[in-house]
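Asker: What follows is a predicted protein model with its sequence.
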Amino acid sequence: GAVVSQHPSWVICKSGTSVKIECRSLDFQATTMFWYRQFPKQSLMLMATSNEGSKATYEQGVEKDKFLINHASLTLSTLTVTSAHPEDSSFYICSARDPGGSDQPQHFGDGTRLSIL
Amino acid sequence: AQSVTQPDIHITVSEGASLELRCNYSYGATPYLFWYVQSPGQGLQLLLKYFSGDTLVQGIKGFEAEFKRSQSSFNLRKPSVHWSDAAEYFCAVGLNTGGFKTIFGAGTRLFVKA
């Protein structure tokens, strides 16, 4: 069964609105979650590392004020795309790593397809 | 800088034929290595992983991969491809540099023809 749940799976909204995407770890507590962005036919690009109880660590070139990340509990991280515009349309995927060691792989959510009109 | 290279953007194989997807990495030490598969519009599923020990790793769905330190490679193989294997395959490197991070290759799209 899925160990990481991502919601919603697909969202369409008007330009200028803000969109929140949730990522939940179902079978374990995740102190760290990751947010990726994937353009069509391209690889996953890490946007930020979400740390429970502290600020997220953003990758170079990712706008912190544009992509707000909140990791309020050990099982939930949220990504809010603020004032979304058509260029923000993309496939966003979250992941969480099994606890208990740095040699554990990441489990991925099924992704959220965001379409901004 | 660390990087992962998948030299083949896409590969087409006949059903029942063998498959090898190439992956090379650039990293100062032996990294954690992964292969993931992604179906269209879906998240990623882990096929297999290498951390240490036996350099030939068995995964799910009949896949295996071999770590070759001298070539900095971690190629994915399957002896007989099924039509359901058509998907995007990503090689990834796990790095623990002041925080765990995974870097993905560009991906290889596998097409399977009848």
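Answerer: Looks like it arrived, so ask away.
Asker: Quick one: neighbours of B:Phe104, just the number.
Answerer: 21 (other Cβ atoms under 10 Å in any protein chain shown). From N, CA and C alone the C-beta is placed, and that goes for glycine too.
Asker: same check, this time on A:Lys55
Answerer: Using other Cβ under 10 Å: A:Lys55 sits among 12 other residues.
Asker: Then B:Val37?
Answerer: B:Val37 has 20 neighbours, counted by other Cβ under 10 Å.
Asker: So it belongs to a strand, correct?
Answerer: Yes. Counting by DSSP: H, G, I helix; E, B strand; the rest coil, B:Val37 is found in a strand.
Asker: Pull out the buried positions in stretch A:25-36.
Answerer: A:Ser25, A:Phe28, A:Ala30, A:Thr32, A:Met33, A:Phe34, A:Trp35, A:Tyr36 (16 or more other Cβ atoms under 10 Å in any protein chain shown).
Asker: Could you export those as a markdown table, including secondary structure?
Answerer: Shown next, in a markdown table, are the buried residues of stretch A:25-36 (three-state DSSP):
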| residue | secondary structure |
| --- | --- |
| A:Ser25 | strand |
| A:Phe28 | coil |
| A:Ala30 | coil |
| A:Thr32 | strand |
| A:Met33 | strand |
| A:Phe34 | strand |
| A:Trp35 | strand |
| A:Tyr36 | strand |
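Asker: what subset of these is also close to chain B?
Answerer: Counting by Cβ under 8 Å from any Cβ of the partner chain, A:Thr32, A:Phe34 from the buried residues of stretch A:25-36 sit close to chain B.
Asker: which element follows the helix or strand bottoming out on mean pLDDT in chain B toward the C-terminus?
Answerer: Ranking every helix and strand in chain B by mean pLDDT, DSSP states H and E puts strand B:100-104 at the bottom, with a mean of 84. Next helix or strand after strand B:100-104 toward the C-terminus (DSSP states H and E): strand B:108-113.
Asker: now what about that following strand, what contacts it?
Answerer: With contacts defined as Cβ atoms under 8 Å, 6 or more residues apart in numbering or on different chains, strand B:108-113 is touched by A:41, B:6, B:8-15, B:19, B:21-22, B:81-83, B:85-89.
Asker: before we move on, what about stretch B:69-82?
Answerer: Stretch B:69-82 is touched from outside by B:13-27, B:30, B:33, B:35, B:47-48, B:50, B:55, B:61-68, B:85, B:89, B:91, B:110, B:112, with contacts defined as Cβ under 8 Å, 6+ apart.
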